[in-house]
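Colleague: Structure, please.
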Amino acid sequence: MFKPIFALGAACLASALPLESRQIIPNYPPNSLSTGFRLVANVTDPATDLNPPVNGWELTGIHTGAALNDAVLTSSTGRVFYHNGK
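Modeller: The predicted structure is shown next:
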């Protein structure tokens, strides 16, 4: 009775061992850094500014519905944009 249980246990241990002991190193693309920036409204003619004034406000996005977004100016901190590449 112990021989079949021992053989089954030995087979499970043997199948858990890796077939090859070499380490595979993934081939990832090189890391790069990009500089973040914010878009700020600059009203050049104060006579045409909105009420309340939006000069210095930052651009951000808001979700308005399913698959719908709008770009808006906010007086708080806006969205950070990134320029990729060199």
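
Colleague: Start and end of stretch 49-62, how far apart?
Modeller: Using C-alpha to C-alpha, to the nearest Å, the end-to-end distance of stretch 49-62 comes to 22 Å.

Colleague: residues in contact with that stretch?
Modeller: Stretch 49-62 is contacted from outside by 38-43, 46, 69-79, using C-beta atoms under 8 Å, 6 or more residues apart in numbering. In this view, the C-beta of every residue, glycine as well, is placed from N, C-alpha and C.

Colleague: What segments of the protein are helices?
Modeller: Counting by DSSP state H, the segments of the chain that form helices are 2-16.

Colleague: what are the ranges of the strands in it?
Modeller: Using DSSP state E, the strands assigned to the chain run over residues 36-37, 58-65, 68-74, 81-82.

Colleague: Pull the residues that contact stretch 63-70.
Modeller: For stretch 63-70, the surrounding residues in contact (C-beta under 8 Å, 6+ apart) are 61-62.

Colleague: Can I get that stretch as CSV, trimmed to CA atoms?
Modeller: The C-alpha coordinates for stretch 63-70 follow below in CSV (Å, rounded to 0.1, in the frame of the first residue of the first chain):
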residue,chain,number,x,y,z
HIS,A,63,-16.1,63.5,-17.5
THR,A,64,-19.6,64.5,-18.7
GLY,A,65,-21.1,61.1,-19.7
ALA,A,66,-20.4,57.7,-21.2
ALA,A,67,-17.3,58.2,-23.5
LEU,A,68,-17.8,62.0,-23.2
ASN,A,69,-15.2,64.4,-21.8
ASP,A,70,-14.8,68.2,-21.9
